[in-house]
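*Asks:* Prediction below, plus the sequence it came from.
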Amino acid sequence: MKLALFCLLSGVVPGWSVTRGAQVAPITLYTQFSQAPPKCVLQALQDELASIMAPSGLRFEWRSLTNSGNHEVSAELAVITFEGRCDTAGLITHSEVGGALGWTHVSDGQILPFTEVSCDRVRKFLGPGLLQFAAEDREEKYGRALGRVLAHELYHIFADTMCHGSNGVAKKSYGVQDLLSNAFRFQSKDSRMLQASRRTLALAVAVGAM
């Protein structure tokens with residue numbers, strides 16, 4: 001995982017936060033895929049992201065960028081591009097993987113709500129590990145891994161930080177086991193950063209204005 005810029009400053013947690021259990025407006029995720037993923041992959045991706053983000057109170061509405069209307073209104077949004085083939089066909093036991101699995105755009109030191117996930121790199125990175133599972137289980141495992149990569153990138157956007165955690169979903173780099181294990185979550189302090197961010201506060205305010 002990497003951003004366009006190195007982390008130069010330590011993250012600062014604001015003095016206010018959203019109360020645990022407080023209702024927040026949903027974040028709209030506009031998605032576009034180079035190729036449409038299998039339904040099982042997409043469902044596993046969405047379910048895993050929801051599970052990872054639930055302790056922070058963040059929830060999501062998924063919309064296709066291609067089919068979105070011109071007059072849609074969102075309290076907060078992010079645009080996600082999934083590059084390459086998001087399926088488990090053609091897995092091989094050995095493959096060189098170069099570059100980041102996912103990345104988020106930065107301009108003039110500001111984190112932008114635009115993220116890209118490389119389905120091809122994730123598939124190649126996990127190839128030997130996925131082949132250890134029964135064929136009928138691979139798509140779910142792969143979709144769950146994509147959800148973890150996406151959660152990492154959305155952490156940068158909605159915690160509004162270019163820094164990384166020391167462990168868990170917010171850490172700088174992943175191993176195969178991180179993406180295929182039964183459970184992989186944020187550390188408590190990273191969840192608190194999400195809860196305390198100005199973006200999350202704006203989502204709570206948006207609910208109050210409805």
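*Replies:* All right, it came through fine.
*Asks:* so where's the chain shaky on pLDDT?
*Replies:* 1-22, 68-74, 205-210 (pLDDT under 70).
*Asks:* State the distance from G84 to S64.
*Replies:* Per C-beta to C-beta, to the nearest Å, G84 is found 18 Å from S64. Just so you know, the C-beta spots here come from the backbone N, C-alpha and C atoms, and that holds for glycine as well.
*Asks:* who's more crowded, the two?
*Replies:* G84 (16 against 11; other C-beta atoms under 10 Å).
*Asks:* for the more buried one, what are its contacts?
*Replies:* 34-35, 118-121, 123 (C-beta atoms under 8 Å, 6 or more residues apart in numbering).
*Asks:* By neighbours, which of those residues wins?
*Replies:* Going by other C-beta under 10 Å, R123 tops the contacts of G84 with 25 neighbours.
*Asks:* So that one, which state does it fall into?
*Replies:* helix (DSSP: H, G, I helix; E, B strand; the rest coil).
*Asks:* Pretty sure it sits against R85.
*Replies:* Yes - counting by C-beta atoms under 8 Å, R123 sits close enough to R85 to count as a contact (7.0 Å).
*Asks:* How many neighbouring residues does D160 have?
*Replies:* 18.
*Asks:* what's the answer for A54, then?
*Replies:* Neighbourhood size, A54 [other C-beta under 10 Å]: 12.
*Asks:* ranges for the strands of this structure?
*Replies:* 27-33, 60-64, 76-83, 102-107, 110-118 (DSSP state E).
*Asks:* can you pull the buried residues of the longest helix seen in the chain?
*Replies:* In the chain, taking DSSP state H as the definition, the longest helix is helix 135-158. Residues of helix 135-158 classed as buried: 138-158 (neighbour count, 16 or more other C-beta atoms under 10 Å).
*Asks:* same question, stretch 177-187
*Replies:* Those would be 178-180, 184-186, for stretch 177-187 by 16+ other C-beta under 10 Å.
*Asks:* what would the residues you listed look like in TSV with distance to G168?
*Replies:* As requested, those are exported to TSV (distance: C-beta to C-beta, whole Å):
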residue	distance to G168
D178	9
L179	13
L180	15
F184	7
R185	6
F186	5
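*Asks:* between these, which is nearest L45?
*Replies:* L179 (12.1 Å; C-beta to C-beta).
*Asks:* returning to what we had before: nearest to C163, out of the strands of the chain?
*Replies:* Going by C-beta to C-beta, the one of these nearest C163 is strand 110-118, 11.0 Å.
*Asks:* Specify the angle between the closest one and strand 76-83 in degrees.
*Replies:* 30 degrees (axes from the mean of the first three to the mean of the last three C-alpha atoms, to 10 degrees).
*Asks:* name the helices or strands packed onto strand 110-118?
*Replies:* When contacts are defined as 3 or more C-beta pairs under 8 Å, 6 or more residues apart in numbering; DSSP states H and E, strand 110-118 packs onto strand 76-83, strand 102-107, helix 135-158.
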